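Visitor: predicted coordinates and the sequence they were generated for:
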Amino acid sequence: MPELPEAETVARALNRVLPGRRIVKVTLRTSKLRTSLAPLKTAKLAGRAFTAVYRRGRYNILALDDRRGLLLHLGMTGAVSVTPVAEPPRKHEHVVLELDDGFAFRFEDPRRFGLLECHPLNEKGLPAVLDFLGPEPLTDDFNGEMFYCAAHHHHIAVKELLMDNTVVTGVGNIYATESLFAAGVRPTHRTDRLSHAACDRIVAEVKAILARAIAAGGTTISDFRGVDGSEGSFNRELVIYGKAGTPCPRCGTTLRTVTLGGRSSCYCPKCQR
DNA sequence: CTGAGCACCTGAGGGC
DNA sequence: TGCCCTCAGGTGCTCA
C-alpha cells in the first residue's frame, strides 16, 4: 500500500499527536514482521518521550528524546493509530505502545511486510540504515538532469529505474504507473534510450502526481488508513492504475498490462512510446 | 549488470 | 456456502 504520499500523510498525522507523549509500556503480540520485533523488548523504550516524526522515502522516523528513534515502514498493508488503551486489540495488531495519557500507539499489519525497529539517529534525525536511499522526489535533488544520468548508467526498463529506491525514493507501483502514463513513456522503455526531454517530463510528472496525492491524503486501494482511520482520496484521481483492459481515457485504445520486476504495469500502447 | 523467479504473509474477489 | 485459484500498494534474495 504505502508509497510516499501515504507515508507523508502518516507522518503529518503522527506529528500532531505524538510529540510530548511518553511511552509507559511496550506490548508485542507477534515475534516478527519483516524483521524480528525482539529487539524492541530490550530497547528500554518505557520512559522515553516522542519529540517529532519525520519521513524519508516510504519510511517514518518517530524520534525519541534520547537520540534514538523508531523506524517505521508500513509494508503493503500496515496501519498505525493512536487510540484509547482500553480499546480491544484488532485482529492483526502486532505492537502496542501504551502512552502516559491513557492512549496507545498501535501498529497493525495483516501481511506482516512492515517493519518497526529502534535505531540511533544522526544529526539529521535519521538512522544510518536509511543512508542507501536516493534523493527525495519532491526536492531539487531529483531533477531531469540527474534522472537522465541515472538512466544512462543503466540498461533496464524505465519503470524499474523509477522504483529503484537508490535512484529516487518513495515511488512505488501506483505512482510510477501513473507518472509514466502522464509523461507518455512506456514502462518498458529502455533507460539508456531515454531522451533529455522524456526524462524531464517523467520527473515533472512524478513530482506533480506525488504532490497531488499528498494533498488528497494518499491513495486507498483497500488497506491504507490514516492515523485517524480515514481513507485517502487519491484513488479517485487514478487515471490508469488497475484499469487494464478498459479504454485509455485519452485515446480509447484498450489499456494493456506488462510484468516488470514482478509487478504488473498498466499502460496505453498508443499514448506511451 | 540484468531480469526472472520466488519468498515473506493474509485477505479479497472471481469462477465453479 | 465453500473450495480453489489469482492477485495485491514492498522489499530483498537467489540464480542464470
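Guide: In hand now; what should we look at?

Visitor: next to DNA strand C, which bits of the stretch 51-200 of chain A? Give me the list.
Guide: Neighbours of DNA strand C within the stretch 51-200 of chain A, by Cβ under 7 Å from any atom of the strand: A:57-58, A:73, A:75-77, A:111, A:113, A:163, A:165, A:172-174. The way it works is simple: take the backbone N, C-alpha and C, and place the C-beta from them, glycine included.

Visitor: give me the contact list for the longest helix along chain A.
Guide: For chain A, the longest helix by residue count, based on DSSP state H, is helix A:196-215. Under the contact criterion Cβ atoms under 8 Å, 6 or more residues apart in numbering, helix A:196-215 has outside partners A:3-5, A:8-9, A:137-138, A:142-145, A:147-148, A:151, A:158, A:162, A:168, A:170-171, A:175-176, A:178-180, A:182-185, A:189, A:194, A:219, A:232, A:234, A:237.

Visitor: the very next helix or strand once past it: partners in the sheet, and parallel or antiparallel?
Guide: Where DSSP states H and E defines the elements, the next helix or strand beyond helix A:196-215 is strand A:256-260. Sheet pairing here is set by DSSP bridges, and for strand A:256-260 it gives strand A:263-267 (antiparallel).

Visitor: quick one: mean pLDDT for the partner strand?
Guide: What strand A:263-267 shows for mean pLDDT is 94.

Visitor: which parts of that strand count as buried, going by neighbours?
Guide: A:265, A:266, A:267 (16 or more other Cβ atoms under 10 Å).

Visitor: enumerate the residues of the stretch 101-250 of chain A near DNA strand B.
Guide: Counting by Cβ under 7 Å from any atom of the strand, the stretch 101-250 of chain A sits next to DNA strand B at A:110, A:111, A:112, A:113, A:154, A:155, A:156, A:157, A:160, A:222.

Visitor: tell me the contacts of the second one?
Guide: Yep, that's residue A:111 we're talking about. Residue A:111 touches A:75, A:76, A:77, counting by Cβ under 8 Å, 6+ apart.

Visitor: and the last one, how many neighbours?
Guide: The one in question is residue A:77. Counted by other Cβ atoms under 10 Å, the residues lying close to residue A:77 total 18.

Visitor: surely it and residue A:113 touch.
Guide: Yes. At 7.0 Å, residue A:77 and residue A:113 qualify as touching, with contact defined as Cβ atoms under 8 Å.

Visitor: domain parsing for chain A?
Guide: A:4-130, A:144-267 (automatic domain parsing).

Visitor: closest residue of the stretch 101-250 of chain A to DNA strand C?
Guide: Relative to DNA strand C, the nearest point of the stretch 101-250 of chain A is residue A:172 (1.9 Å; Cβ to the nearest atom of the strand).

Visitor: still on that earlier bit, return the member of the contacts of residue A:111 nearest to residue A:250.
Guide: Of all the contacts of residue A:111, residue A:76 has the smallest distance to residue A:250: 29.5 Å, by Cβ to Cβ.

Visitor: can you narrow the contacts of residue A:111 to ones near DNA strand B?
Guide: residue A:77.
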